[in-house]
Structure formats: C-alpha cells, structure tokens
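Novice: The following block contains a protein sequence and its predicted model.
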Amino acid sequence: MAENPPKKRHTLVNDPIPATLIRMTGPMIIGMLMLFTFNLVDTLFISMLGTEPLSAISFTFPVTFMVLSLAIGLGIGTSAVVAKYLGCDECEKAKQASTVTNYTSIALALALSLVAYLFMDPIFRLMGASEALLPQIRAYMSIWLPTSALLVGMNSANSVLRACGDTKTPSLLMAAAGLINAVLDPIFIFGLGPVPAMGIQGAALATLVSWVVGFGYLFYYLIVKVELVYPGLPSRAVIISSSREMLRIGIPAAGANMMTPVAAGIMTAIAATYGETTVAAFGVGSRLESIASLIVLALSSTLPPFISQNLGAGRTDRIADSYRLTMKFVLIWQLLIYGMMALSAQLIAAVFTEDPAVSRAIELFIWILPLGYGLQGVIILTNSAFNALHKPMMALYLSIARFFVFYVPMAWVGSQLFGLAGFYAGALLGNILMALLSWRSFERALKHNASPPASV
C-alpha cells in the first residue's frame, strides 16, 4: 500500500489551546444541532398524532440511544487510536487504523441491532410498555433497527476526520442529514400527494433516508476524495493490531456510553409508575437535554482528539490546561442555559403538547434536572478525556458508579420519598456528587501520567 498521509496533522499539538478548541468545536456545534434534531423533530411531529404515539416514541429512546452509544464508543476508540498515531508521526499506521476501525464498527453495529430486533417485544415489555403501545413501537423500530449500522458507520468515519483535526466536514454532513430528516418527516408521517400517511413509521423512514444519503457520501469522501480510508482491507496483521487497539478502547467506551440508555430504561420504568403522561414528558425532556447540552456534546467530540494527539507528542501540560479550561467553561455556560430554560418552561411545554397533565410534567422536569447539566457535562467530558488518555476502564468504572451508585438509586429513593419532584431532584443530586468524583479522579490520573510514552 502506498503511503498517503492525512494533511495538517500537527495543528492539535502546536496551536494555542483556546483557539484550537474553538476552531474544532464551532463546526461541531452546528453539525450536532442538526444531528440531534433527528429525535427532537421526530418527537415534535409525532406529538401531533396524540399522547399514545408520543409515549411509544419515548419508550424507544433507551434502545435507540443504546445503538448511538455504541457508535459514540467505537468512534472514541477510532479517534483515540488514529489521533495518537498522528501525534507520533506514524501517518501510514493512522490510515490503516482508520480503515480497519470503520469496518469493524459497522460489523459490531449489525450484530447489536440484530439482537435488539429479535428480542424487541421482551425488551419493551421489561421497560414497562403496555400491550397497546407495542404495535406502534414495533412499527418504528422495525425500520430503525435494521439500518442503524449506517449511523454507527457514519459516526466512526467522522471520528477519523476529527482525529485529523477536520471538524468542518463531519459537521456539514450531519447538518445535511438532519435537514433531510426534517423535510421528510412531515411528508412521511402525515402524507403528501402520492405519499401515504405512515404515522410513527414515517418518522423512522425519514431517518433511514437521511442516513443512506449521509453514509454514501461520507465513505465516498473518505475513500475517493481525501483517501483517508483504503477501499479494501489491509493485511491480516494490520487488521488484528488495529482492531485490537481500537476495541481495547472502543468496547469499554461503548460500554460506558451504554450505561446511559440502560439507566434511561430504568428511569423510564420508574416514570411509567406515574402513568403514560409522565413517560411522554420524560421522553420530551430527554430529547430537550440533547439540545440543551449541545456545547458539551460538541466538546466531547473535539476534546478527545486534541488530548490523544498531545498524548502521542508527550504534551501532558497541554492536556491538563485544556481539561481545566473546558470544565470551567462548561459549568458557566450550562448555568446560563438552565436560566433560559427555567424562564421559558411553560412555553417549551406548550410546543410539545396541549395535554395539561403532560405539560405540567414537562415543566417540572425543566425546573429541576437541567440545573445539573453543567455537572453532567463535567462527567461526560471527563469520561471522554479518560478514553483519549487510553484509560478506557477508568471511564467505564466512573460510568458504572454514576448510574448505579448515584444517579438511578438517588432518583429512585427521591421518588419513594417525595414523588415525581423527588425523582428528578434525586437524579440531580446524583450528578452533583458524581461530577466532584470525576474531576478529582482525572486530576489524580494526570499526576500519575506526567510522562506518557510517545509511541503507540
């Protein structure tokens, strides 16, 4: 194989930290805003069908996020491996790793989606879905699940570009896919001209079309236009070494991210004890969280390649400075976001429902849980930073502690003591305690990693 190294590979090591992070994060904000409108736009249009379809789509969130978590985890592994090779000036190895990690991610996604498809009904019954809701849930997921490997492939391929310092191209692709989904949603859900009204299934079909377009163009771009991925597989030795390194980071990272939908499933089951109106409100709140935490999610895609390249170059001083700067910014920013959400809670609820009970539940969610989004940002970014340091097990341990020692148990205890308000307040308290633990753990890890090895 002829060497064709990625260009501009040193920018994350040599440029000033604030300027570099701003340059990388700016495009990601726009792209992620469009990406996360997938679920939000779906929720908005489906809410027009009534409370029952809205409850059905709310039950799908933990499962869809499970697949998204796999995509994020494998993308983290891909980015960490490729970026560290680039930081060490091993450009041909970076390209080989890019090829192997993309194909491995797609294969794993197909396996996960097949298992979820085969056990669809038992999964949603376990979450508390009623028999009346199962047909609508099945209609949506029967399209969404079999093609979700496209989403995982898109995320892994975008991670290769971000590892090279290119966040503009991934952002444009995510924005285009989000726009396609938003345009097709009302057409497929309600029908237009020769297109029949397909209800909740139409939302899944709109997402599918956007994924096909995004996936097709992205891999054409990577293989043909910029030659960051080989059209075929490298040698068996390269496949084994690259996939092993990516999976060493990617599987624990995916496991850590999958704690989120597992916890969301448990939280949805607790919410279901208060009735379908609360489940609908919790589903709306969960999707609002993606938009409200947009800056955090964008930074979780740009901070890791920055850390990994500097790890490869032996610049732990830049890693420490970037981490502290990012944490302080996120705490201040998310507090401002909370203020805006709390003041407009009634208006936000009115956008999604005319049902007074659902509206009250949405408002209660907004008044309590978003107060901790900054602290949640500290947790998310610390986990991403641990993965970028090639310490994936530490990120996994922290995720397990967050959801099954703090977040979910405290939410359950709060619900038992103080009802729905206690449910939300307990989750908030869990995020506060976990953020303190996460920050301290990363500071300690940096002290013990003051002189990282320069080779992969």
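Specialist: Structure received.

Novice: got a list of what residue 139 touches?
Specialist: Counting by C-beta atoms under 8 Å, 6 or more residues apart in numbering, residue 139 touches 199, 200, 201, 204. Backbone N, C-alpha and C define where each C-beta goes, glycine included.

Novice: backbone phi and psi for the last one, please?
Specialist: Looking back up the chat, that one is residue 204. phi -70, psi -40 (degrees, to the nearest 10).

Novice: where does the spatially closest residue to it that is not a sequence neighbour land on pLDDT?
Specialist: Leaving aside its sequence neighbours, residue 204 sits nearest to residue 143 (C-beta to C-beta, 6 or more residues apart in numbering; 3.9 Å). The per-residue pLDDT reported for residue 143 equals 91.

Novice: again, but for residue 11
Specialist: 59.

Novice: same deal with the one 10 residues further on?
Specialist: You'll see residue 21 listed with a pLDDT of 81.

Novice: What are the boundaries of the helices in the stretch 151-300 of the chain?
Specialist: 168-190, 200-220, 236-272, 276-292, 294-312 (DSSP state H, counting those that start in this stretch).

Novice: which strands and helices sit next to the shortest one?
Specialist: For helix 276-292, the elements it packs on are helix 17-47, helix 51-87, helix 236-272, helix 316-343, helix 356-368, judged by 3 or more C-beta pairs under 8 Å, 6 or more residues apart in numbering; DSSP states H and E.

Novice: how does it look with 6 Å?
Specialist: helix 17-47, helix 51-87, helix 236-272, helix 356-368 (3 or more C-beta pairs under 6 Å, 6 or more residues apart in numbering; DSSP states H and E).

Novice: Please identify the most buried of those helices.
Specialist: Most buried of the helices and strands packed on helix 276-292 by mean neighbour count (mean count of other C-beta atoms under 10 Å) is helix 51-87; its value is a mean of 27.

Novice: In the helix or strand following that helix, which residues are buried?
Specialist: Next along the chain after helix 51-87, taking DSSP states H and E as the criterion, comes helix 91-118. Applying a neighbour-count criterion of 16 or more other C-beta atoms under 10 Å, one finds 91, 93-106, 108-109, 112-113, 116 buried in helix 91-118.

Novice: Quick one: list the elements packing against helix 91-118.
Specialist: helix 51-87, helix 149-163, helix 236-272.

Novice: would you turn the ones you listed into CSV with distance to residue 226 and mean pLDDT?
Specialist: Output for the helices and strands packed on helix 91-118, formatted as CSV (distance: least, C-beta to C-beta, whole Å; pLDDT from 0 to 100):
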stretch, distance to residue 226, mean pLDDT
helix 51-87, 14, 80
helix 149-163, 8, 86
helix 236-272, 19, 78
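
Novice: closest to residue 314 out of those?
Specialist: helix 51-87 (8.5 Å; C-beta to C-beta).

Novice: and the angle for that closest one with helix 356-368?
Specialist: If you take axes from the mean of the first three to the mean of the last three C-alpha atoms, to 10 degrees, helix 51-87 sits at 30 degrees to helix 356-368.

Novice: Report the inter-axis angle for whichever helix in the chain runs longest versus helix 316-343.
Specialist: The longest helix of the chain (DSSP state H) is helix 408-448. With the same axes, to 10 degrees as the basis, helix 408-448 and helix 316-343 are set at 150 degrees to each other.

Novice: Turn the helices and strands packed on helix 91-118 into CSV, including distance to residue 290.
Specialist: Below are the helices and strands packed on helix 91-118 laid out as CSV (distance: least, C-beta to C-beta, whole Å):
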stretch, distance to residue 290
helix 51-87, 10
helix 149-163, 15
helix 236-272, 11
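
Novice: wait, which of those is closest to residue 308?
Specialist: helix 51-87 (3.7 Å).

Novice: which helices and strands does the closest one pack with?
Specialist: Using 3+ C-beta pairs under 6 Å, 6+ apart: helix 51-87 touches helix 17-47, helix 91-118, helix 134-144, helix 149-163, helix 236-272, helix 276-292, helix 294-312, helix 373-388.

Novice: Quick one: these as TSV, columns for distance to residue 446 too.
Specialist: Formatted as TSV, the helices and strands packed on helix 51-87 follow (distance: least, C-beta to C-beta, whole Å):
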stretch	distance to residue 446
helix 17-47	15
helix 91-118	25
helix 134-144	40
helix 149-163	21
helix 236-272	18
helix 276-292	29
helix 294-312	10
helix 373-388	9
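
Novice: With distance to residue 169 added, can I get the helices and strands packed on helix 276-292 in JSON lines?
Specialist: Shown next, in JSON lines, are these (distance: least, C-beta to C-beta, whole Å):
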{"stretch": "helix 17-47", "distance to residue 169": "8"}
{"stretch": "helix 51-87", "distance to residue 169": "14"}
{"stretch": "helix 236-272", "distance to residue 169": "21"}
{"stretch": "helix 356-368", "distance to residue 169": "35"}
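
Novice: so which of those helices comes closest to residue 325?
Specialist: helix 17-47 (6.6 Å).

Novice: Stretch 160-174 spans what distance, first to last residue?
Specialist: End-to-end distance for stretch 160-174, by C-alpha to C-alpha, to the nearest Å: 15 Å.

Novice: Could you list the buried residues of that stretch?
Specialist: Buried-residue list, stretch 160-174, by 16+ other C-beta under 10 Å: 160-171, 173-174.

Novice: from the middle of its chain, how far away would that stretch be?
Specialist: Distance of stretch 160-174 from the chain centroid (C-alpha atoms, centre = their mean, to the nearest Å) equals 16 Å.

Novice: can you check stretch 201-211 too?
Specialist: Worked out by C-alpha atoms, centre = their mean, stretch 201-211 lies 19 Å from the chain centre.

Novice: between the helices and strands packed on helix 51-87, which gets nearest to residue 190?
Specialist: Once those are compared by C-beta to C-beta, helix 17-47 is nearest, at 7.7 Å.

Novice: Quick check: the gap between residue 257 and residue 364.
Specialist: Residue 257 sits 27 Å away from residue 364, going by C-beta to C-beta, to the nearest Å.

Novice: same question, residue 141
Specialist: On the measure of C-beta to C-beta, residue 141 and residue 364 end up 29 Å apart.

Novice: Count residues in the vicinity of residue 49, would you?
Specialist: Look at residue 49: counted by other C-beta atoms under 10 Å, it has 18 neighbours.
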